[in-house]
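In: A structural model of the following input is requested.
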Amino acid sequence: MDKDELAAAQAYVRLLEATRAALGDPDAAPVYMPLLASPMREADHALRSAGLAGNEDRLFALVRALQPSLSGSDIQRG
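Out: Numbering: from 1, shown residues only. So this is what the prediction gives:
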């Protein structure tokens, strides 16, 4: 993973975490939704810089390499 790909994967993870936080409380979501503009801009820029815009398969592979827990493989099944 080169530095641009790493930056893109990290930006996506930050956007995902910010989105989860903003939507975690449905009553407060309208207040927090505008706060997602900055992480979305960062992720868009990072994806374009890494040549990953429109290449979700490659992006998600990089994200899984960065944070394997996002793949769900660490979830205990009962």
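
In: for stretch 6-15, which positions count as buried?
Out: The neighbour-count check on stretch 6-15 (16 or more other Cβ atoms under 10 Å) flags 7-13, 15 as buried. To be clear about C-beta, it is placed using only N, CA and C from the backbone, and glycine gets the same treatment.

In: low-confidence ranges in this protein?
Out: 70-78 (pLDDT under 70).

In: show me where it has its helices.
Out: Secondary structure of the chain (DSSP state H): helices at 3-23, 29-32, 37-49, 56-66.

In: alpha carbons only: can I get the third one in PDB?
Out: Included here for helix 37-49 are C-alpha records, laid out as PDB according to Å, rounded to 0.1, in the frame of the first residue of the first chain:
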ATOM      1  CA  ALA A  37     -18.900  17.700   5.300                       C
ATOM      2  CA  SER A  38     -15.200  18.000   6.200                       C
ATOM      3  CA  PRO A  39     -14.500  14.200   6.400                       C
ATOM      4  CA  MET A  40     -16.400  13.700   3.100                       C
ATOM      5  CA  ARG A  41     -14.200  16.300   1.400                       C
ATOM      6  CA  GLU A  42     -11.100  14.800   2.900                       C
ATOM      7  CA  ALA A  43     -12.100  11.300   1.700                       C
ATOM      8  CA  ASP A  44     -13.100  12.500  -1.800                       C
ATOM      9  CA  HIS A  45      -9.700  14.300  -2.200                       C
ATOM     10  CA  ALA A  46      -7.800  11.300  -0.900                       C
ATOM     11  CA  LEU A  47      -9.600   8.800  -3.100                       C
ATOM     12  CA  ARG A  48      -8.900  11.000  -6.200                       C
ATOM     13  CA  SER A  49      -5.300  11.500  -5.200                       C
END
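
In: helices or strands up against it?
Out: helix 3-23 (3 or more Cβ pairs under 8 Å, 6 or more residues apart in numbering; DSSP states H and E).

In: residues contacting the most centrally placed residue in the chain?
Out: Residue closest to the average C-alpha location in the chain (Cα atoms, centre = their mean): Tyr12, at 2.5 Å. Contacts for Tyr12 (Cβ atoms under 8 Å, 6 or more residues apart in numbering) come out as 43, 46-47, 59, 63.
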